[in-house]
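Engineer: okay, here's the prediction I keep looking at, along with the sequence it came from:
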Amino acid sequence: DIFRGSRRARTEARERLSKMSRKGRTFKGPDPKSLRGDACYFYRDIGAGSYGGDVNCLQQFLKKRGFMKDEPTGYYGEKTEAAVESWQKASSIKPANGIMGLVSRQFYARKQRLPVPGKEDLASSDSKKVCIDVCSEFNGVQDCETRCVRTEKDKIHACKESCQIAFSAACDRAYPTHAPGGPENYKLCLKYLSQSCEDTCAVYR
């Protein structure tokens, strides 16, 4: 990983972590501990038809807790919807409709001690002083995302959410569903998301 930092004149700090996959880096496989869905950043509502790193992380969470048997795919289908509804009912979340709406996203974030959506959104830079850019590079093309926080101690959350979105976008671009083996390769790509983001954001621990 390459870390580059710079400070703007107006007190805002912007730090860049890029090239999450170094040339020549060898992956032995993700750490099983990274596949538990313990740190999912749900920055949007997700439901049937959604796909991405947040969906994949949700599926890891549901599988780890016994609400889902299938391996995570990154695609939000009927099985994921049913598993979410079961989790919602078990957690007394209303409405229990199988959709990860704001109430469900906030419940998850509080339980996992993460920034709470709707109250601590990371996407806006208004009145926030620290912004983190993360770029994921595949085949020479970068996908970048920025998230901002108010305090230095929360930089790791900005980093991880940026990383989740950027890495997911890179997997989606590299392995489109219409390409031969696309869905299977996409699933494999997302399997490395959590571990890669942990490694990338370790500097902020």
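Structural biologist: Received the coordinates, thanks.
Engineer: do you know how far the residue nearest the centre of the chain is from Ala82?
Structural biologist: Residue closest to the average C-alpha location in the chain (Cα atoms, centre = their mean): Gln164, at 3.0 Å. Using Cβ to Cβ, to the nearest Å, Gln164 is found at 24 Å from Ala82. In this view, the C-beta of every residue, glycine as well, is placed from N, C-alpha and C.
Engineer: would you agree Cys144 falls within a strand?
Structural biologist: Yes. If the criterion is DSSP: H, G, I helix; E, B strand; the rest coil, then Cys144 is within a strand.
Engineer: how about the nearest residue to it, chain neighbours excluded?
Structural biologist: In space, not counting the residues next to it along the chain, Cys144 is nearest to Cys135; the distance is 4.1 Å by Cβ to Cβ, 6 or more residues apart in numbering.
Engineer: could I get the pLDDT score of the residue lying closest to Thr177 once chain neighbours are set aside?
Structural biologist: What sits nearest to Thr177 in space, not counting adjacent residues and going by Cβ to Cβ, 6+ apart, is Pro183, at 5.7 Å. If you check Pro183, the pLDDT there is 91.
Engineer: Pro183 contacts Tyr51, correct?
Structural biologist: No. The pair Pro183 / Tyr51 is not scored as a contact, 9.7 Å apart, by Cβ atoms under 8 Å.
Engineer: which one's more surrounded, these two?
Structural biologist: Tyr51 (20 against 16; other Cβ atoms under 10 Å).
Engineer: if that one is in a bridge, with which residues?
Structural biologist: When bridges are called by DSSP bridges, Tyr51 pairs up with Tyr75.
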